[in-house]
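> Turn this into a model:
(2 chains)
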Amino acid sequence: MTIIAAAISCSLGVYLSTRMIAALYRVIDLWYALRREWLRVACGILGWGGAIVVAVLLTDRDAFLWGFACYVVVFVALSFASQLWFSSRLRE
Amino acid sequence: MNNNFILPLGAACTGDAALVGRKAANLGELVAGGLPIPPAFVITTKAFRQFVGSLALQSEIDRIDKATAHDLRETCARIQQRIVSGTIANNLRDEIFRAYAFLAGPGERVQSVVRSSATAEDLAQASFAGQHRTYYYVELTHVLEVVRQCWASLWSAEAATYRAARGISHRSVAMAVIVQRMIRSEISGVAFTADPITQDSRTIIIESNWGMGAAIVDGRVTPDRYLVNRDTLQVRERRIAEKRVMVPADVTSSAGLGEVPQDMRYLETLSPQQIEAVAALALRCEQHFGSPQDVEWAFAHDELHLLQSRPVTTLRRQPIAPPAGKWVLFKPVVENFTDPLTPLQIDLMNGVFSGSLHPIGGRLYVNIALVRMLLPLDLSDEAIASLLYLTNDALPKRVRFHLLKLPLSVLVATVMWLGTGILLSRSRGMPDDFMDGYRALCRDVERDPRLGPIGALRRLLTVGRIGDPVGWMVVPVNFGAAIRASFWVGAVRAMLRRWVPDLGADAVAILCTGSEGVLSVELGRDLAALAEFARQEPDVMKLLATTSPQDVLSHLRRNPAAQVFLTQLEAFLAKHGHRTAKEFELQTPRWEEDPSSVIATVRSYLTEPRSDAWPTPKRVNHEREMLEDRLHHSLGWRWLVLRFAAQRAREFLKLRENSRFYHIMGFGVVRKKILSVEDELLRAGKLKCQGDIFFLLWSEIAALRSGSLRWLDVEERIHDRRIEHLRLAKLNPPRTFGIETTASPLMSVSDDVLRGQCASPGRCEGVVRVILDPGVGANLRPGEILVAPYADPAWSPLFLTAGAAVVEVGSYLSHAGTVAREYGMPFVVEVAECTRRLRSGMRVLVDGDRGTVHILAGE
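Alright, predicted model coming up:
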């Protein structure tokens, strides 16, 4: 595939990674009301999961998965980095 | 006591300035003139020279003349350190103690006031160079230490620089020290024989408070204020303040600043005879010195004492020193709270916002250069400033893209999205109660002894941990909602302007309001419901009508018939008690600490019968549905797009209001933690006065706790910061620094018409009520036009009864604007100086659609 197609696939991987992470976070975010909201949570995960499957099938798989995985790593790193940053700036 | 080192104050005169310093010489003259000065003695410059000579500081002093700025600071610090840690010779020490003993009666424990008294004429002018230091509550055990501090102040870097700039020899300067008995006054204050701001000498200004005067002089209390006619000595105008704190006259108390008893807070401090006596005393001082005087006075056992008299200096209406660079005022804070922030507040916010916001003159500013770099638009500095300030009054009609900046802007936007995209997704489409768990988190943090103020700030008001639910990240959620609300409201406005240009200006407001569950709106409605509850209880109604808000609670608690109302009040405070006016400032007590302003608002609701015109969600929704129907028919498929945008706008406006409700809760927890630290420091004697902690930086507080700083090390900086805070509070903060601005189009079009901006449409004619603080005397009658410097959500209970509101600082998207639109109340913002140009009693027409205020009749 062309470089442009790979770039698009990679970007799509990043985008769907954010949506999937957000959908998985719904479990935590709606934990207090899971009995009431379980269907919404499940639809979110399944929906974005399905979108990922379709994207993997239709796009440059390697580029897509790279984008997807890299964003997961970036997200985790940013989460810890932000904690460290605030810890260094705000000390008791 | 007749020796070279110590002189009774009464023995000093103008000719002795070289020996006793100018201040002591002046006071000595006043003693000789028969004015009632408390007993004092002066430690002369001879004592100073003997002490300094014993330290062999000559070589250090010589070094200052040739020093660079950096070396000067270091050299001065060394000199000060040697003075402060030096030992006073036994003979001088004994003479000081003997003289001190004369200040007290037999068996009496006395505290003293210790004042610096500089010698040279020029040095006496340098009050900001730390030459005029005054130390209060000094006991015998500390007097030597404080005397050394006064001597050391001669060698601050600022004082040395000042002398060097004026060619004053460092060797020629000397410092005398006045040690004066501190009067245990029941009432004290200051008097100016000319207005320090305007220099108008037709009126004498008297300020007074209960207890000792230190609380007024260093800005710890808002005193009663009297304007007295200088010829007749009669009161022309009086303002009686809520006097919450005082320095009690009982010197056995070590608490320093204490609370004024409830029944005294709103009592006038001075009788007409006392006012006349103080005014006469001030005039005598002015006559003696031949120039307007700033006089400190005190009443003890009905006897009037003169504590100090000095020339009135213009109260530094100096503008705030402009910093380098280009800055614009950060609107989201100042539209909620126009006063300067306290030093601790700024210090903590710097830790959170680091670099993106900069404190100037106690307010927060945004760096325009940074924004210009990131914005791919071709705009002038003034245009960017108006964009950031949310007035858009300097934006050109057509905005061009700056194509060369586009790649950087796209890159930055992408990086920001990578960092925040997940949070934005998580916070969208959530049920209304998703942040309710934050309340439990706040409770846990409050109860956790391992978490201090910083730990609480990190846990509650930053980005949260990786496993936290999004409902706990209230600050990032609030920011994300604010940006998206702004975008979607702008989209709705643009669509309406393009597709339905003949629709009224209120169409945007109607489409973007009517959400149920907006907590700031519920605040006003819950308060109204509380008032209705009180209306059902005759005993409660009677108590509320006849007792001051400050005393009502204690009366209600004693009345069995009021228990049901009390339960309702407690339920209200359990839900909204973390709020208050000026809620952004950590120093401000919350309603749960002091519900008197809540009681005052309930009382004001009860003065009129319930109005069926009070806005209800049903009425607001009905208006919106009618407009939607009309647009549906006229726009066709475009209606779907507009409806989507309006739904989004409503969703994010509500999310922004509700996340604000919760992050203020977090502020409340941080405040409680700070108060707990303050309590610890007060009990240990490391702080003397409540409230002082907010004038220290966190590093200084930590140093106080660890013992590396003591009270005497921080006392001066607290004093200076309080004075500076008072000064800054009197200045209107410039909207920009470093930017040339053309005249604002928001100036009045004529004397009778004030122009501002629309924040909520509608028209209303009514009588003006100017309110500067909703907690103090906010007796707004239904239908009156509320005029205020700003309005944060804590003002919203007043919106229920106001016919319209006009403020000096605000925006369409402000919290108050959102609430006003939900109430359907006309609201005009950015009306420059409206609290001065409009007076209570004037009749005006507020046109929210056009953003104008028409003056119809005077007071």
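> Regarding chain A, what is its longest helix?
helix A:61-89 (DSSP state H).
> Leaving aside the residues adjacent along the chain, what's closest to the closest residue to chain A within the stretch 601-750 of chain B?
Across the stretch 601-750 of chain B, no residue is closer to chain A than B:Ala702, which sits at 7.4 Å (Cβ to the nearest Cβ). For every residue, glycine as well, the C-beta is placed using N, CA and C. Spatial nearest neighbour of B:Ala702, excluding adjacent residues (Cβ to Cβ, 6 or more residues apart in numbering or on different chains): A:Glu92 at 7.4 Å.
> With A:Val41 instead?
A:Arg26 (4.6 Å).
> which secondary structure element contains the residue of the stretch 601-750 of chain B closest to chain A?
helix B:698-706 (DSSP states H and E).
> Next, the angle helix B:698-706 makes with the very next helix or strand once past that helix.
Using DSSP H and E, the helix or strand that follows helix B:698-706 in sequence is helix B:711-729. Counting by axes from the mean of the first three to the mean of the last three Cα atoms, to 10 degrees, helix B:711-729 lies at 150 degrees to helix B:698-706.
> tell me the average confidence for helix B:711-729?
Averaged over helix B:711-729, pLDDT sits at 84.
> Contact residues of chain A facing chain B?
For chain A, the contact set with chain B under Cβ under 8 Å from any Cβ of the partner chain comprises A:14, A:18-19, A:21-22, A:25-26, A:28-33, A:37, A:71, A:74-76, A:78-80, A:82-83, A:86-87, A:89-92.
> let's see it at 6 Å
Within chain A, the positions near chain B by Cβ under 6 Å from any Cβ of the partner chain are A:18, A:21-22, A:25, A:28-29, A:32, A:78-79, A:82, A:86, A:89-90, A:92.
> Tell me where the model's unsure across the stretch 151-300 of chain B.
Along the stretch 151-300 of chain B, the parts satisfying pLDDT under 70 run over B:197-199, B:213-220, B:249-258.
> what are the ranges of the strands in it?
Along the stretch 151-300 of chain B, counting by DSSP state E, counting those that start in this stretch, strands occupy B:175-181, B:187-192, B:203-210, B:224-229, B:235-239, B:245-246, B:258-259, B:293-300.
> Pull up the pairing partners for the last one, direction included.
Spelled out, that is strand B:293-300. strand B:187-192 (antiparallel), strand B:303-311 (antiparallel) (DSSP bridges).
> Return the distance of the following helix or strand past the last one from the chain's centre.
Per DSSP H and E, the first helix or strand lying C-terminal to strand B:303-311 is strand B:327-329. Its chain's average C-alpha position is 19 Å from that of strand B:327-329, according to Cα atoms, centre = their mean, to the nearest Å.
> What of stretch B:359-372?
19 Å.
> cool, and stretch B:454-467?
26 Å.
> Does chain A have contacts with that stretch?
Yes. Judged by Cβ under 6 Å from any Cβ, stretch B:454-467 and chain A are in contact via B:454-455, B:458, B:462-463, B:466.
> Do me a favour and average the pLDDT over that stretch.
Here the average pLDDT along stretch B:454-467 is 92.
> How about residues contacting the helix or strand containing B:Leu92?
B:Leu92 belongs to helix B:90-103 when elements are defined using DSSP H and E. Helix B:90-103 is touched from outside by B:1, B:5-6, B:39, B:41, B:47, B:110, B:140, B:181, with contacts defined as Cβ atoms under 6 Å, 6 or more residues apart in numbering or on different chains.
> Quick one: residues contacting residue 29.
Unless you meant another one, I'm taking chain A. B:426, B:469-470.
> Wait, chain B was what I had in mind.
Going by Cβ under 6 Å, 6+ apart, the list of residues near B:Glu29 reads B:13-14.
> per-residue confidence for it?
89.
> Please confirm that B:Pro782 is located within a strand.
No. Judged by DSSP: H, G, I helix; E, B strand; the rest coil, B:Pro782 forms no part of a strand; its state is coil.
> Look up the closest residue to whichever residue of chain A sits closest to chain B, ignoring the ones flanking it.
Residue nearest to chain B within chain A: A:Ala22 (3.6 Å; Cβ to the nearest Cβ). Among residues not flanking A:Ala22 along the chain, B:Ser425 sits closest, at 3.6 Å (Cβ to Cβ, 6+ apart).
> Only the buried residues of the helix holding B:Leu92, if you could.
B:92, B:95-96, B:99-100, B:103 (16 or more other Cβ atoms under 10 Å in any protein chain shown).
> how about the residues you listed in a markdown table, adding pLDDT?
A markdown table is the format used below for these (pLDDT from 0 to 100):
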| residue | pLDDT |
| --- | --- |
| B:Leu92 | 93 |
| B:Glu95 | 93 |
| B:Ile96 | 94 |
| B:Ala99 | 92 |
| B:Tyr100 | 92 |
| B:Leu103 | 87 |
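> ok, so of those residues, who is nearest A:Ile4?
B:Ile96 (86.8 Å; Cβ to Cβ).
> Model confidence score at B:Thr818, please.
86.
> so it is in which element?
Here B:Thr818 is assigned to helix B:815-823, by DSSP H and E.
> coming back round to it: among the strands paired with strand B:293-300, which is the most enclosed?
strand B:187-192 (a mean of 25; mean count of other Cβ atoms under 10 Å in any protein chain shown).
> chain center to that one, what's the gap?
For strand B:187-192, the distance to the chain centre is 22 Å (Cα atoms, centre = their mean).
> Repeat that for stretch B:433-451.
With Cα atoms, centre = their mean, you get 28 Å for stretch B:433-451.
> what does stretch B:563-570 give?
That offset, for stretch B:563-570, works out to 32 Å (Cα atoms, centre = their mean).
> before we move on, back to that, pick the one among the residues of chain A next to chain B closest to B:Gly783.
Out of the residues of chain A next to chain B, the member with the shortest distance to B:Gly783 (by Cβ to Cβ) is A:Tyr32, at 43.1 Å.
> hmm, back to that, is the residue nearest to A:Val41 located within a helix, as I assumed?
Yes. Read with three-state DSSP, A:Arg26 is one of the residues of a helix.
> and it, how many neighbours?
For A:Arg26, the neighbour count with other Cβ atoms under 10 Å in any protein chain shown is 24.
> Ok, B:Gly419 next?
Counted with other Cβ under 10 Å, B:Gly419 comes out at 17.
> Then B:Lys688?
20.
> Please spell out which residues along the helix or strand of chain A with the lowest mean pLDDT are buried.
Taking mean pLDDT, DSSP states H and E as the measure, helix A:61-89 is the helix or strand of chain A with the lowest mean score, a mean of 92. For helix A:61-89, a neighbour-count test (16+ other Cβ under 10 Å) marks A:63-68, A:71, A:75, A:78-79, A:82-83, A:86 as buried.
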